[in-house]
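Asks: Could you look at this predicted model? Sequence included:
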Amino acid sequence: MPMIRRGAQVPARRLLLACGILAMVSTSHPVSAADESFVDVHTLPRLDGSVEDTSHPDTYRVIYTVPAAPAAASDATKKLLSADGWVPYVYPLDEKSAALTFKKGRQGLRVSFTQTRGRSDQSAVFYTPNRIYANVPFPDGAADLVFDETRPYLGCIAPSALEATAEFFTKDMAAMGWRKLTPETASRWPNADLGETVPNGVRAFYDHPDRDTTHMYQKPVMLTLTRRDDGRTNVEIKVAPFALPQELEADDDMAGLPRPKPTKSARGLGSASSNKREISAAAMAELPAVRAFYHRELAARGWREDGNAPLAPGDEVAIRISSAEETGVLRLGREYDFTMVSLTVQVKESALATRAKAKKEADDRFLGDALGAAQQLIAADEARRKAQAASLSDAPLNALADSKTPVPLPENAEGVKFEGSDGRLEFSSASSVKALGAFYRASLKSAGWKEQPSVINQPNMAMMAFSRGGKSISMTVMQMGPKVTVRADGSGLVVATAKPVETKSAEAKPVDSKPLESKPVQAKSAEPLTADPDSALPVPTQRSSSGISSTKFPGSDQSFRKELEASIPAELSDVLAFYRAELTKRGWQEKAEGAAVTAERAELAFTSPDGPASLKLGRARGETSVSLVQRNPQAAAKADIMPKAGQARVVLGNMGPKEASLTINNQTVKIAAGAGGPQSPKGPMLDLAPGKYQYALRMPGQPARTDTLTVAAGDAWGLLVGPNGDVLPLQMY
């Protein structure tokens, strides 16, 4: 695709047009004027046929669409920007990322792509500046470029011979402000060995004494050049080993196993109580320091080293370890400038029997306590219901005068809501279920309605059905706390020209009936969002609200599903760019298929180290809403809640004292008391096709309770019956 400097403009909505023009005039490219290390993305070349999204003008970002699929748009953009002098590279351990990263001089650029919703032949392209915190030179024509601008790290193959490559770096490192270390300037690092030699190559050490907006890195770096058999030169620049921590601190455990600090990425499987658990990490330290860390931490936890284990591909160290209850293997290797850690442990057979016995005793105690507490709750609830029922009146009722509903209303009806077009009526009353049932049976019978037999006619709930002239009315009268709620629907309540009717109770205070005017709040343009370092899932510090939830079985510390919900006072495009950058740093890879991005919403799918994940953004009350979900298929499979391909799984539980039965999708399943609890953690399970299902729960001595559940392919839901018969739906995976 040929290069053009600017794309055609998409007309913004009428309300935003004036604001957009003013914003572009008043903020005409201040980035490059304020900070020359930031590229002005508005001046970059764009693909032929590009159409810019101007609905949300942004100083720091450009979004445009092109008539090409994401893969084709990515290839064409890479060629286009390369021809403009931008050099593409990948991050260490992130070689398969769908996003593109470039460097040109001391400026950085990130380009990402999403498929336009409903259009497989159209893509959205995002240009975002990327600050180069520690700049190093790239040899012209270098191959296999791997670069991290924050440490820094550079790995590549220079096309020139060793001597010419060494001359290039001597000149260009000095031009960028790097200074070769001498014994005097390296005196602050006692372990520095500047005379170290490299077989078939050369090595030099540099520091950068000046700190400014274009270079914020302070630790010295080590440049290593080695001659290749094909005449080219291997290049590596990384933090000098003597400047890295020699004694590592312990980070938070993962899977109950020690983790060194700092790490670029880490993941754990299992928990401290699992029969098998493991941790893998990319430690930002040299191998001897990581080896010493594990020697110290494992010994402090009662582990001993039992000699070497066979080396696997990529290993430099493999050590057998054991404790009183477990055995395992610690493996260490090098990749880029990381020490790669793999620690796997497994419970001994002798310890499994001891754990099983202890767990059974603990579960028995827990279940006994839980059942006792449930019985107390049931007794207290029953006493409360009886006390509330005693306050309800059994006195005969008269009809409310001047009622505009198709059926009469009792004189003490409160909070009446009538929707004639849908045939729905709802209100509450201080009369008893018995009095309201008698009122409607008498008043509707006198109006020619015939009652159909019903088996539900209890002191706290009654269901009635009436018919007349081909029309019907279904009515439910139920005690809800200190009042009784009446809900009715059916064709006998439909009034074609009716308007919704609402009445207030006698105690209600009058309010102004003028509708409130809703004014959208425009989020202010600001510096790029910053991540909260204490959050388990990424969320900006600039937020109005946030919360993280997770689902797991009792006694386990490994979640099947984590969800972050937040509200961010920023434009959707800013929040989207924040999450693309932060999730990439955590090893998440964005998937092009199914992605949808508009000015008001975004839906993206990711592959995270723990499993599939999704990001949904929307706009509400002038802010950007965030829903970030991460699933752990290994934990779900281990717990046997992973649904079959193309289906959803429903796990049933019952914390009540009596057996319950649930009917869904023409299947009736009995749920024993305590199922899904500590004594019997795995309750009955059902596999369902994606869709919306109505279910009915039945318990001895109680009326049936009905509701609906909507499931999607790959979902796992829990339906938990509470002690009082309520059903709590919970998405588990």
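Replies: Cool, got the structure. Residues are numbered from 1 along each chain as shown.

Asks: Could I get the full set of helices for the stretch 601-733 of the chain?
Replies: Counting by DSSP state H, counting those that start in this stretch, one finds helices in the stretch 601-733 of the chain at the ranges 633-638.

Asks: helix or strand for residue 372, which one?
Replies: Using DSSP states H and E, residue 372 maps to helix 349-390.

Asks: Could you give the average pLDDT over that helix?
Replies: What helix 349-390 shows for mean pLDDT is 73.

Asks: buried ones in the very next helix or strand once past it?
Replies: The C-terminal neighbour of helix 349-390 among helices and strands, as given by DSSP H and E, is strand 414-419. Of the residues in strand 414-419, 414, 416, 418-419 count as buried by neighbour count, 16 or more other C-beta atoms under 10 Å. All C-beta spots, glycine's among them, are computed from the backbone N, C-alpha and C.

Asks: Grab the CA positions of strand 414-419 and hand them over as PDB.
Replies: In PDB, the C-alpha atoms belonging to strand 414-419 read as follows (Å, rounded to 0.1, in the frame of the first residue of the first chain):
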ATOM      1  CA  GLU A 414     -49.300   1.000  47.800                       C
ATOM      2  CA  GLY A 415     -46.700   1.600  45.100                       C
ATOM      3  CA  VAL A 416     -49.000   0.600  42.200                       C
ATOM      4  CA  LYS A 417     -47.200   0.000  38.900                       C
ATOM      5  CA  PHE A 418     -49.500  -0.800  35.900                       C
ATOM      6  CA  GLU A 419     -48.200  -1.300  32.400                       C
END
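
Asks: quick one: that strand to chain centroid distance?
Replies: 40 Å (C-alpha atoms, centre = their mean, to the nearest Å).

Asks: Show me what that strand is packed against.
Replies: Contact here means 3 or more C-beta pairs under 8 Å, 6 or more residues apart in numbering; DSSP states H and E; on that basis strand 414-419 packs against strand 424-429, strand 501-502.

Asks: now could you export just the CA positions of the first one as PDB?
Replies: Taking only C-alpha atoms (Å, rounded to 0.1, in the frame of the first residue of the first chain), the coordinates of strand 424-429 have been written out as PDB:
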ATOM      1  CA  ARG A 424     -48.500  -6.200  34.000                       C
ATOM      2  CA  LEU A 425     -49.700  -5.100  37.500                       C
ATOM      3  CA  GLU A 426     -47.800  -4.900  40.700                       C
ATOM      4  CA  PHE A 427     -48.400  -3.400  44.200                       C
ATOM      5  CA  SER A 428     -47.900  -4.000  47.900                       C
ATOM      6  CA  SER A 429     -50.400  -4.100  50.800                       C
END
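
Asks: could I get the buried residues of strand 414-419 as a markdown table with pLDDT and distance to residue 575?
Replies: Formatted as a markdown table, the buried residues of strand 414-419 follow (pLDDT from 0 to 100; distance: C-beta to C-beta, whole Å):
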| residue | pLDDT | distance to residue 575 |
| --- | --- | --- |
| 414 | 92 | 44 |
| 416 | 92 | 43 |
| 418 | 91 | 42 |
| 419 | 89 | 37 |
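
Asks: What is the nearest of those to residue 402?
Replies: Distance to residue 402, by C-beta to C-beta, is smallest for residue 416 among these, at 12.5 Å.

Asks: distance of that closest one from residue 410?
Replies: 10 Å (C-beta to C-beta, to the nearest Å).

Asks: Please name the residues that touch residue 101.
Replies: 88-91, 108-111, 130, 147 (C-beta atoms under 8 Å, 6 or more residues apart in numbering).

Asks: Write the ChimeraX selection for whichever of the residues you listed are buried.
Replies: Per 16+ other C-beta under 10 Å, the buried members of these correspond to this ChimeraX selection:
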select :88,89,90,91,108,109,110,111,130,147
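
Asks: among the contacts of residue 101, which two are most distant?
Replies: Most distant of these, by C-beta to C-beta, are 111 and 147, 15.3 Å apart.

Asks: Tell me the pLDDT of the residue of the chain most remote from its centre.
Replies: Here the chain reaches farthest from its C-alpha mean at residue 446, the gap being 58.9 Å by C-alpha atoms, centre = their mean. Note on residue 446: pLDDT of 92.

Asks: Please apply the same query to residue 216.
Replies: You'll see residue 216 listed with a pLDDT of 57.

Asks: How about residue 574?
Replies: 90.

Asks: Please apply the same query to residue 655.
Replies: You'll see residue 655 listed with a pLDDT of 76.

Asks: One more: the one 10 residues further on?
Replies: Each residue has a pLDDT score; the one for residue 665 is 89.

Asks: and it, what are its phi and psi?
Replies: Here is the backbone geometry of residue 665 (degrees, to the nearest 10): phi 50, psi 40.
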